[in-house]
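**Q** Here is a sequence with its predicted model. Questions after.
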Amino acid sequence: MSTKRPKVIVTRRLPQAVETRMAELFDVELNFTDVAMDAAALSDALARADVVVPTVTDNLTADVIAAAGPRLKLLANFGTGVDHIDLAAARAKDLVVTNTPGVLTDDTADMVMALILGVARRIGEGEKLLRAGDWRGWSPTGMLGHRVTGKRLGIVGMGRIGQAVAVRARAFGCSIHYHNRHRLPAAAEAALEATYWPTLEAMLARVDLVSLNCPLTPETHHLIDDAALRLMQRHVYLVNVARGGVVDEASLVACLARGGIAGAGLDVFEREPTIDAALLAMPNVALVPHLGSATFEGRLDMGEKVIANIRSWADGHRPPDQVLEGWA
Ligand code: 8YV
């Protein structure tokens, strides 16, 4: 057992109920300012705690982790993606890393559908028009979008979230295509009537909608680059709820500007919270600020998972959501 009442430092504000429960269970230090920690603040946290609870806004680089204090044993991430944590450095320090998979699957998949519909049916554009007081009334040719029913959806990354997107998209009448490192078991593929594409390139050239649902790893960094974008057909809508770094944003902007694809729905960006000015100006791009898992229910569930991970670690067990080598 590492310690009975571990010193836990939480880097951002969490839902009240989660913070209250943490205060009951742990010697917890909360961040009431909710200001994201810079490298110095993170280093200080890693120097003093047994457990740090980071989020996607904490850049836990190799240097920051290498300088962690001897007390630090666990990085209990509040979130599923751990691309902001240098896992090799964590391993070298014998740190356990945990995340919160499963509980944000449905919310994130819902956001994919919202963005597909948002960009294809021009919801943001329409709302902007109304709010600006510029709507002159219905017209037969006004603000036409594209039908989602019947389209071929290409899912890149067929894990939990990718499969949840497939379930939803089927209900909207889309046919499901996917590319993944591993092919799904035959039964899962049959249930989704999904077509597996061993190569991403071949799939990108054949689909109407693309949804990115893979984690960001060295292998998926800029997976959607200029060459990949040039394979897509001009009527394609690209949706990214994964990580900004999966897409080469500069190439995406250039592609949209030349009409290489019809539009994009983006929840994540390469340099959050900075958004490329060109994207902000494009009417055919639906933009939301990393809201994929942003539901009250989801955040409570994520907090529960973080607590369960810390508790089982403190009790000397392997935490249920330990991120193992080759996590992605
Ligand atoms: C979270 C996410 O809000 O869990 C993830 O990987 O991308 C988001 O939905 C965020 O990561 C919390 O740290």
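**A** Alright, I've got the coordinates.
**Q** can you give me the strands in the stretch 101-250 of the chain?
**A** Applying DSSP state E, counting those that start in this stretch to the stretch 101-250 of the chain gives strands spanning 152-156, 175-179, 194-196, 209-212, 237-240.
**Q** May I see these arranged in CSV, with distance to Ala47 as well?
**A** All C-beta atoms are positioned from the backbone trio N, CA, C, and that covers glycine. Converted to CSV, the strands of the stretch 101-250 of the chain look like this (distance: least, C-beta to C-beta, whole Å):
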stretch, distance to Ala47
strand 152-156, 39
strand 175-179, 43
strand 194-196, 47
strand 209-212, 36
strand 237-240, 36
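**Q** so can I have TSV of these showing mean neighbour count, mean pLDDT and distance to Asn77?
**A** Listed next are the strands of the stretch 101-250 of the chain as TSV, based on neighbours: other C-beta atoms under 10 Å; pLDDT from 0 to 100; distance: least, C-beta to C-beta, whole Å:
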stretch	mean neighbour count	mean pLDDT	distance to Asn77
strand 152-156	26	99	23
strand 175-179	23	99	26
strand 194-196	18	98	30
strand 209-212	26	99	21
strand 237-240	28	99	21
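**Q** CSV for the ones you listed, including distance to the ligand?
**A** Listed next are those as CSV, based on distance: least, C-beta to the nearest ligand atom, whole Å:
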stretch, distance to the ligand
strand 152-156, 16
strand 175-179, 20
strand 194-196, 23
strand 209-212, 12
strand 237-240, 11
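**Q** What parts of the stretch 201-328 of the chain come near the ligand?
**A** 292-293 (C-beta under 6 Å from any ligand atom).
**Q** number of nearby residues for Asp63?
**A** Per other C-beta atoms under 10 Å, the neighbour tally for Asp63 reads 11.
**Q** For the top helix by length along the chain, give the mean pLDDT please.
**A** Longest helix of the chain, by residue count under DSSP state H: helix 296-314. Helix 296-314 shows a mean pLDDT of 98.
**Q** So which other helices or strands are in contact with that helix?
**A** Counting contacts by 3 or more C-beta pairs under 8 Å, 6 or more residues apart in numbering; DSSP states H and E, helix 296-314 packs against helix 16-25, strand 51-53, strand 74-76, strand 96-98.
**Q** run the last query once more with 6 Å
**A** For helix 296-314, the packing partners by 3 or more C-beta pairs under 6 Å, 6 or more residues apart in numbering; DSSP states H and E come out as strand 74-76.
**Q** Just the local confidence number for whichever residue of the stretch 51-200 of the chain sits closest to the ligand, please.
**A** The minimum distance from the stretch 51-200 of the chain to the ligand, using C-beta to the nearest ligand atom, falls at Gly79 (2.6 Å). Per-residue pLDDT puts Gly79 at 98.
**Q** What is the end-to-end distance of stretch 211-229?
**A** 13 Å (C-alpha to C-alpha, to the nearest Å).
**Q** buried ones in that stretch?
**A** Residues of stretch 211-229 classed as buried: 211-217, 220, 222-224, 228-229 (neighbour count, 16 or more other C-beta atoms under 10 Å).
**Q** which residues are contacting that stretch?
**A** Stretch 211-229 is touched from outside by 81, 83, 112, 155-157, 161-162, 165, 204, 239-240, 242-243, 245-248, 251, 255, 260, 328, with contacts defined as C-beta atoms under 6 Å, 6 or more residues apart in numbering.
**Q** do stretch 55-66 as well
**A** 11-12, 36-37, 39, 42-43, 78-79, 84-86, 89-90, 93.
**Q** are any of these buried, and which?
**A** Counted by 16+ other C-beta under 10 Å, the contacts of stretch 55-66 give 11-12, 36-37, 42-43, 78-79, 84-86, 89-90, 93 as buried.
**Q** And the contacts of the longest helix of the chain?
**A** Contacts with helix 296-314, where a contact means C-beta under 6 Å, 6+ apart, come from 6, 14-15, 18, 51, 53, 74, 76, 78, 98, 100, 103-104, 107, 319, 321.
**Q** List only buried entries from these.
**A** Of these, these count as buried by 16+ other C-beta under 10 Å: 6, 14, 18, 51, 53, 74, 76, 78, 98, 100, 103-104, 107, 319, 321.
**Q** Give me the nearest residue to Ile261, chain neighbours excluded.
**A** Leaving aside its sequence neighbours, Ile261 sits nearest to Val236 (C-beta to C-beta, 6 or more residues apart in numbering; 4.4 Å).
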